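Peer 1: requesting a structural model of the entry that follows:
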Amino acid sequence: MDKFLAMGGYADFVWPAYAVFFLVLAADVLATVLRRRRVLRELRGRIARRSARQRGSVSA
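Peer 2: As a prediction, this is how the structure comes out:
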C-alpha cells in the first residue's frame, strides 16, 4: 500500500492533481444545481406574471 500511495515518487504531483480534479468536478456540479434553481425560479415568476396579466385582462 505504501508503494501505491508513493506513486513511484510522484505522489507530490499526483495527489494534488486528483484533489484539483475533484474540486473542479464538485464546483461544476454545484454550479449546475444552482443555475437550475435560478432558472426554475425565474420561469415560475414569468408564469405567475403572465397568468396574473391574463386574469387582469379577462376581468377588465
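
Peer 1: what is the mean pLDDT for whichever strand or helix holds residue 57?
Peer 2: Using DSSP states H and E, residue 57 sits within helix 11-59. Taken as a whole, helix 11-59 has an average pLDDT of 94.

Peer 1: quick check: the gap between residue 12 and residue 20.
Peer 2: As judged by CB to CB, to the nearest Å, residue 12 and residue 20 stand 13 Å apart. To be clear about C-beta, it is placed using only N, CA and C from the backbone, and glycine gets the same treatment.

Peer 1: list the contacts of residue 21.
Peer 2: Neighbouring residues of residue 21 by CB atoms under 8 Å, 6 or more residues apart in numbering: there are none.

Peer 1: what's the offset of stretch 13-24 from the middle of its chain?
Peer 2: 19 Å (CA atoms, centre = their mean, to the nearest Å).

Peer 1: oh sorry, the question was meant for stretch 22-36
Peer 2: Worked out by CA atoms, centre = their mean, stretch 22-36 lies 3 Å from the chain centre.

Peer 1: same thing with stretch 22-39?
Peer 2: 1 Å.

Peer 1: how about stretch 38-56?
Peer 2: 24 Å.

Peer 1: ok, now which ones touch residue 28?
Peer 2: If you count contacts by CB under 8 Å, 6+ apart, residue 28 has none.

Peer 1: distance check, residue 42 against residue 1.
Peer 2: For residue 42, the distance to residue 1 - CB to CB - is 51 Å.

Peer 1: neighbour count winner among the two?
Peer 2: Neighbour count, other CB atoms under 10 Å: between residue 42 and residue 1, residue 42 has more, with 10 against 5.

Peer 1: now the terminal residues of stretch 2-16, how far apart.
Peer 2: End-to-end distance for stretch 2-16, by CA to CA, to the nearest Å: 17 Å.

Peer 1: mind listing what's buried in that stretch?
Peer 2: In terms of neighbour count (16 or more other CB atoms under 10 Å), stretch 2-16 has no buried residues at all.
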